[in-house]
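In: Sharing a model prediction with you, sequence too.
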Amino acid sequence: MASNAPELNTPDLNTPAVRGINRILPSSMRYGHFRFYWLGLLAGVTGHQMLLSFTLGWLMFQLTGEERDLAFLGIAIAVPAMTLNVVGGTLADRLEPKFLVAMAQSISATVVVGLALLVMTERVEVWHLLAAAVTIGALQAFDQPSLAAVFPRLVEREHIVSAVTMSELVWNGVRVLGPTLAGVLIEQLSIGASMLFSAGTFYIMGTVTAFLRLRPRPPATGRVLQQVFEGLRYVRKHEIFALIMLLTFCNSMFGMTFIHLMPSFAKEVLGVGADKIGILLGASGVGAILGTIAVANLRGHHPKGLAILGGAMAYGLALLLFAAAASQGWYLISMGMLFIVGITNSIYLVGGMSTIQHLVPDRLRGRVMGVYAITWSLGPFGMVQGGFIAQYFGAPVAVAVGAAIIILVAISILVYSSNLRGLRAQMPAELQLAYAE
């Protein structure tokens with residue numbers, strides 16, 4: 001296939017200065033429109049992490065003071081996302097996904113602005129927060145699979161792994177910026193200010209995405225329901241995809257409990273404010289950046305499957321140690337454990353995501369990523385089990401239970417799946433051919 005790089009880069013691509021810069025850039029960042037996408041993603045994901053990982057939970061805890069209400073907030077976000085993700089992925093294959101992203105981001109921003117105004121005028125009630133969460137969750141079902149279908153079409157296939165790494169670098173990196181910025185804005189200004197900032201980043205991301213030029217691909221045709229089942233059958237047929245999605249499910253459902261319970265850790269375990277909790281979460285973000293870089297540097301002979309499974313087991317162990325340290329009130333040791341949590345979490349999640357994006361054919365990308373997005377949509381739903389366990393046994397116990405589940409699942413896959421265990425960074429041609437069907 002002929003490269004589209006000249007069309008997607010700046011007109012002076014072949015000047016000596018640009019060639020010199022390109023030699024030190026990751027291969028995906030040599031595409032001009034991927035760079036635009038990356039900057040828009042940086043803005044939008046920062047707002048996303050601020051809102052969903054911190055601000056909404058902080059507001060709910062402020063309104064009710066009950067850990068179990070964080071579970072209800074998680075249900076409100078997760079259920080519509082879970083229900084609609086496969087439909088959103090199917091539409092991403094039938095329509096132009098960049099416009100679905102722009103629509104979802106713009107509507108989400110408007111909803112957040114409305115909620116911020118209620119907060120600032122002191123009229124907000126719990127049902128307002130839950131209604132906004134349901135709406136945002138439903139819109140995520142169209143946004144997430146569409147985003148996952150957009151960025152691989154900004155580069156040629158041989159650079160997709162680089163594009164995945166750079167995109168995941170944003171998601172992991174803003175763990176430093178997002179929670180910290182939200183905590184500072186809440187502490188220094190207000191919850192409403194944090195929400196308005198998030199809304200602004202959503203508008204930016206939606207606008208940037210709408211103007212991207214994508215590598216062409218034939219749209220899916222036929223009945224929508226038939227296409228939905230085609231995507232589900234494809235995932236079930238290919239073991240590596242199914243197992244990676246199982247690991248991601250465990251991460252979302254059980255491994256991210258510590259993020260959702262941070263308001264409880266702040267007030268009832270560690271005795272600190274929003275700003276220090278933001279810094280604590282930021283430590284995991286610093287680690288996540290390093291983990292993402294480690295995955296990006298895997299070479300052909302490196303055992304990628306073992307890195308994914310080993311990363312999952314190490315992640316669970318680090319979470320156990322964080323829960324133990326936090327239960328003793330050891331703030332600095334808890335920060336160190338979350339730094340390790342970030343490294344190990346990135347190794348297994350980014351490794352899995354890059355494997356899926358590299359193997360999936362373009363014609364099924366939206367649907368497969370829609371199924372994959374379901375596993376991410378369960379993240380807020382993890383507030384349910386985490387919130388109820390924390391209500392009766394405490395936040396550290398809730399985190400420890402989730403960590404133990406991740407370790408057990410990863411060990412089981414390591415023992416029983418030779419396909420994932422034997423996966424190398426450089427995938428053989430016969431494997432890529434098998435997954436193209």
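Out: It's in. Residues are numbered from 1 along each chain as shown.

In: Every contact and neighbour count from this point should use C-alpha atoms.
Out: Noted.

In: looking at it, Val155 is touching Arg215, isn't it?
Out: Yes: in this structure, Val155 is within contact of Arg215 by Cα atoms under 8 Å, at 7.3 Å.

In: How many residues are close by Leu246?
Out: For Leu246, the neighbour count with other Cα atoms under 10 Å is 17.

In: tell me the contacts of it?
Out: Going by Cα atoms under 8 Å, 6 or more residues apart in numbering, Leu246 touches Thr375.

In: Let me know the next secondary structure element after the helix or strand hosting it.
Out: Using DSSP states H and E, Leu246 sits within helix 239-250. Toward the C-terminus, helix 239-250 is succeeded by helix 257-260 as the next helix or strand (DSSP H and E).

In: What count of nearby residues applies to Arg123?
Out: 10.

In: Need phi/psi at it.
Out: For Arg123, the backbone dihedrals (degrees, to the nearest 10) come out as phi -110, psi 0.

In: quick one: the closest residue to Pro303 other than its chain neighbours and Ile77, what's the gap?
Out: Using Cα to Cα, 6 or more residues apart in numbering and skipping the chain neighbours, the partner closest in space to Pro303 is Arg424 (4.6 Å). Distance, Arg424 to Ile77, by Cα to Cα, to the nearest Å: 36 Å.

In: The two: who's more crowded?
Out: The neighbour comparison of Arg424 against Ile77 (other Cα under 10 Å) goes to Ile77, with 27 against 20.

In: I figured the more buried one was touching Leu139, is that so?
Out: No: between Ile77 and Leu139 there is no contact under Cα under 8 Å: 9.8 Å.

In: Where do the helices of the stretch 151-300 of the chain begin and end?
Out: For the stretch 151-300 of the chain, helices defined by DSSP state H, counting those that start in this stretch occupy the ranges 160-188, 191-210, 224-237, 239-250, 257-260, 262-264, 274-296.

In: out of the ones you listed, nearest to Asp93?
Out: With Cα to Cα, the closest approach to Asp93 among the helices of the stretch 151-300 of the chain belongs to helix 224-237: 9.2 Å.

In: In contact with the most centrally placed residue in the chain: list those residues for me.
Out: Residue closest to the mean C-alpha point of the chain, counted by Cα atoms, centre = their mean, is Trp171 at 5.9 Å. By Cα under 8 Å, 6+ apart, Trp171 lies in contact with 42, 45.

In: go again using 10 Å as the cut-off
Out: Neighbouring residues of Trp171 by Cα atoms under 10 Å, 6 or more residues apart in numbering: 41-42, 44-46, 48-49, 165, 178, 285, 288-289, 346.

In: In space, what's closest to Gly336 - neighbours in sequence excluded?
Out: Nearest residue to Gly336, sequence neighbours excluded (Cα to Cα, 6+ apart): Ala283, at 7.4 Å.

In: Could you look up the SS state of Ser124?
Out: Careful, residue 124 is Val; it's not Ser. The three-state label given to Val124 by DSSP: H, G, I helix; E, B strand; the rest coil is coil.

In: Which one of the contacts of Trp171 is nearest to Arg35?
Out: The closest of the contacts of Trp171 to Arg35 turns out to be Leu41 (Cα to Cα; 9.6 Å).

In: burial of that closest one, as a residue count?
Out: Leu41 has 23 neighbours, counted by other Cα under 10 Å.

In: Would you check that it makes contact with Asn172?
Out: No: using Cα atoms under 10 Å, Leu41 makes no contact with Asn172, being 11.9 Å away.

In: what about stretch 214-232, start to end distance?
Out: Span of stretch 214-232 from end to end, Cα to Cα: 25 Å.

In: Let me see the mean pLDDT of it.
Out: On average, the pLDDT along stretch 214-232 is 69.

In: for stretch 181-201, same thing?
Out: Mean pLDDT, stretch 181-201: 89.

In: what about that stretch, start to end distance?
Out: Using Cα to Cα, one end of stretch 181-201 lies 13 Å from the other.

In: Show me which positions of it end up buried.
Out: For stretch 181-201, the neighbour count (16 or more other Cα atoms under 10 Å) marks 181-186, 190-201 as buried.

In: Can you tell me the number of residues neighbouring the nearest residue to Met262 once chain neighbours are set aside?
Out: Spatially, and ignoring its direct neighbours in sequence, Met262 is nearest to Ile277 (6.9 Å; Cα to Cα, 6+ apart). Applying other Cα under 10 Å, we find 26 residues neighbouring Ile277.

In: same deal with the one 4 residues further on?
Out: Using other Cα under 10 Å, the number of residues around Leu281 comes to 25.

In: Could you report the pLDDT at it?
Out: Leu281 carries a pLDDT value of 75.

In: how far away is it from Ile340?
Out: Taking Cα to Cα, one finds Leu281 at 12 Å from Ile340.

In: got it, and Ala296?
Out: Plainly put, Ala296 is 18 Å away from Ile340 if you go by Cα to Cα.

In: next one: Asp93
Out: Counting by Cα to Cα - Asp93 and Ile340 are separated by 37 Å.

In: any residues in contact with both of Ile77 and Leu139?
Out: Ala133.

In: Surely Gly351 is in contact with Leu247?
Out: No: applying Cα under 10 Å, one finds Gly351 not in contact with Leu247, separated by 11.3 Å.

In: joint contacts of the two?
Out: Taking Cα under 10 Å, 6+ apart as the criterion, Gly351 and Leu247 both touch 308-309.

In: So for these two, which residue has more residues nearby?
Out: More neighbours surround Gly351 than the other of Gly351 and Leu247, with 28 against 22 (other Cα under 10 Å).

In: So which elements touch the strand or helix carrying Asp93?
Out: With elements taken from DSSP H and E, the one containing Asp93 is helix 67-94. The contact analysis (3 or more Cα pairs under 10 Å, 6 or more residues apart in numbering; DSSP states H and E) places helix 67-94 against helix 56-64, helix 97-120, helix 126-150, helix 224-237, helix 257-260, helix 262-264, helix 365-393.

In: what's the spacing between the closest residue to Val45 other than its chain neighbours and Ala43?
Out: With sequence-adjacent residues excluded and distances taken as Cα to Cα, 6+ apart, Val45 is closest to Trp171, at 6.4 Å. Going from Trp171 to Ala43 by Cα to Cα gives 10 Å.

In: Tell me, how many residues neighbour the nearest residue to Met369 once chain neighbours are set aside?
Out: The shortest distance from Met369 to any non-neighbouring residue, by Cα to Cα, 6+ apart, is to Pro145 (5.1 Å). For Pro145, the number of neighbouring residues by other Cα under 10 Å comes to 32.
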